[in-house]
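Engineer: Sequence first, predicted coordinates after that:
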Amino acid sequence: MKIAITGLTASGKNTLAELVAKELSYKLVEPTFKDLAKEEGISLMEFQKKAEKDHNIDKKFDDLLKKQVSKGNCVVSTWLGPWIVNPDITIQLFAPLDIRAMRVSKRDKMPLDKAKKHVQERDNSNRKRYLDVYNIDIFDTSSFDACLSSHKYTPEKLKEIVLQIIKTNKKI
């Protein structure tokens, strides 16, 4: 079974994916552009700008993602996982911009106003790029099994909700 958890910047997708994968003893698949940017020795936003101009970056990233999930039971935490890996269950996390900016500010030790700008830039850059490359609108939540608030629920409660969704779908 493949479970895909997505969400915009700092929505909590990685935290939830880690909890669900651990609970189910599934492989966690969470490749990120942050890792690729670090490998290239440039900032995340510089790498994003590079990917805006070179769509092969996204295609290579997605090919790697598909290989990683082809090995069986896993929880995928990426922006495009629900559209790319043909998952059995799809979950979208959301939280207000101010909350997500506060998370980035705390996590990355960045001033709040800079974090808010960073979150908006990442969200908009990714949306534009994914529309251009794949005709996928990451703001469209209509095809998900569930859209959950990571602001209203703790990560542990979100995990319990996702486990219940999986059981209800009788795919576990």
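Structural biologist: Great, that's in hand. Numbering: from 1, shown residues only.
Engineer: for the protein, what spans make up the strands?
Structural biologist: 2-7, 27-29, 74-77, 89-94, 146-149 (DSSP state E).
Engineer: From Asp123, how far out is Pro111?
Structural biologist: Distance of Pro111 to Asp123, computed by C-beta to C-beta, to the nearest Å: 19 Å. All C-beta atoms are positioned from the backbone trio N, CA, C, and that covers glycine.
Engineer: Looking at the two, which is more packed in?
Structural biologist: A side-by-side neighbour count of Pro111 and Asp123, using other C-beta atoms under 10 Å, places Asp123 first with 19 against 9.
Engineer: so what's the closest residue to that one other than its chain neighbours up against?
Structural biologist: Distances taken as C-beta to C-beta, 6 or more residues apart in numbering place Leu8 nearest to Asp123, at 4.9 Å, with adjacent residues excluded. For Leu8, the set of contacting residues under the criterion of C-beta atoms under 8 Å, 6 or more residues apart in numbering consists of Phe94, Arg100, Val119, Arg122, Asp123, Ile138.
Engineer: I'd guessed the fifth one sits against Thr9; true?
Structural biologist: Yes. With contact defined as C-beta atoms under 8 Å, Asp123 counts as touching Thr9 (5.5 Å).
Engineer: residues bridging contact with the two, i.e. touching both?
Structural biologist: Common neighbours of Asp123 and Thr9 are not found (criterion: C-beta under 8 Å, 6+ apart).
Engineer: Report the helix or strand with the lowest average pLDDT across this protein.
Structural biologist: Among the helices and strands of the chain, helix 33-40 carries the lowest confidence by mean pLDDT, DSSP states H and E, at a mean of 77.
Engineer: tell me which residues of that one are tucked away?
Structural biologist: Neighbour-count burial for helix 33-40 flags Phe33, Leu36, Ala37 (criterion: 16 or more other C-beta atoms under 10 Å).
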